[in-house]
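**Student:** Take this sequence and fold it.
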Amino acid sequence: MKKQVSATIPSKWGPFKVAAYAESASDQMPHVAYFHEDLDPSEPVYVRIHSECLTGDLLGSNRCDCGQQLEKSLQILSEKQGVLIYLRQEGRGIGLINKLKAYNLQDEGFDTVTANHQLGFEADERSYEIAHKILLDLGIREICLLTNNPLKVSSLNRDGVRVARRIPLKIKPIEENRDYLQTKKDAMGHYLD
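**Tutor:** Prediction:
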């Protein structure tokens with residue numbers, strides 16, 4: 001995997017660069033690094049590693065807090081001149097079709113982890129190896145990681161990248177995602193109040 005192309009994008013958060021990472025230039029679903037044009041990798045960089053969530057990020061689903069976390073992260077990253085790494089691993093790595101099947105199981109009373117297990121998957125199938133490679137490619141060796149997920153911290157805190165600080169992303173629960181967030185805390189160890 002390597003950087004295939006980068007370009008500048010004017011956005012509501014200011015001027016950012018976007019770089020597409022893939023095995024080849026013909027890849028239709030590249031991973032993305034979205035970073036402030038004044039990024040300074042000589043200092044600890046604010047970083048959000050965000051796994052794709054079409055339903056939350058784009059469609060505004062209230063089943064999860066993904067869209068709210070993404071929005072809050074982009075606000076922080078614009079202020080701190082940081083980096084968003086957007087990984088194409090929908091549904092905690094099980095893909096959109098299986099994620100929607102898991103939603104149907106959740107509607108039958110299963111929690112998000114048990115629904116994944118019912119479909120033959122682990123609670124979380126994601127990998128952060130690609131994010132690690134992107135950070136190194138951008139020259140970033142020390143980060144302030146915006147996350148509530150302990151797996152991200154342990155996965156990145158190795159081989160040339162040091163997590164200097166974890167920045168919590170506190171999103172106020174609402175009725176539709178309260179059980180989901182409680183399951184993430186209880187079953188997956190996420191740092192949530």
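**Student:** okay, CA-based contacts and neighbour counts for the rest of this
**Tutor:** Fine.
**Student:** What's the mean pLDDT across the longest helix along the chain?
**Tutor:** If you go by DSSP state H, the chain has its longest helix at helix 66-80. For helix 66-80, mean pLDDT is 94.
**Student:** Quick one: list the elements packing against it.
**Tutor:** strand 45-51, strand 83-87 (3 or more CA pairs under 8 Å, 6 or more residues apart in numbering; DSSP states H and E).
**Student:** mind listing the helices for the protein?
**Tutor:** Going by DSSP H, the chain shows helices at 66-80, 90-93, 96-107, 112-118, 129-137, 150-156, 178-188.
**Student:** And for stretch 74-82, what's in contact with it?
**Tutor:** With contacts defined as CA atoms under 8 Å, 6 or more residues apart in numbering, stretch 74-82 is touched by 13-14, 35-40, 45-48, 83-84.
**Student:** Now Pro36: closest residue in space, sequence neighbours ignored.
**Tutor:** Pro isn't right for residue 36; it's His. Nearest residue to His36 in three dimensions, chain neighbours excluded: Phe16, at 4.5 Å (CA to CA, 6 or more residues apart in numbering).
**Student:** how much space between the residue positioned nearest the centre of the chain and Gly56?
**Tutor:** Residue closest to the average C-alpha location in the chain (CA atoms, centre = their mean): His50, at 1.2 Å. Distance check for His50 against Gly56: by CA to CA, to the nearest Å, it reads 12 Å.
**Student:** just Lys152 next, same as before
**Tutor:** With CA to CA as the criterion, Lys152 and Gly56 are 20 Å apart.
**Student:** so how far is Pro173 from Tyr86?
**Tutor:** Plainly put, Tyr86 is 23 Å away from Pro173 if you go by CA to CA.
**Student:** More neighbours: these two, which one.
**Tutor:** The neighbour comparison of Tyr86 against Pro173 (other CA atoms under 10 Å) goes to Tyr86, with 20 against 15.
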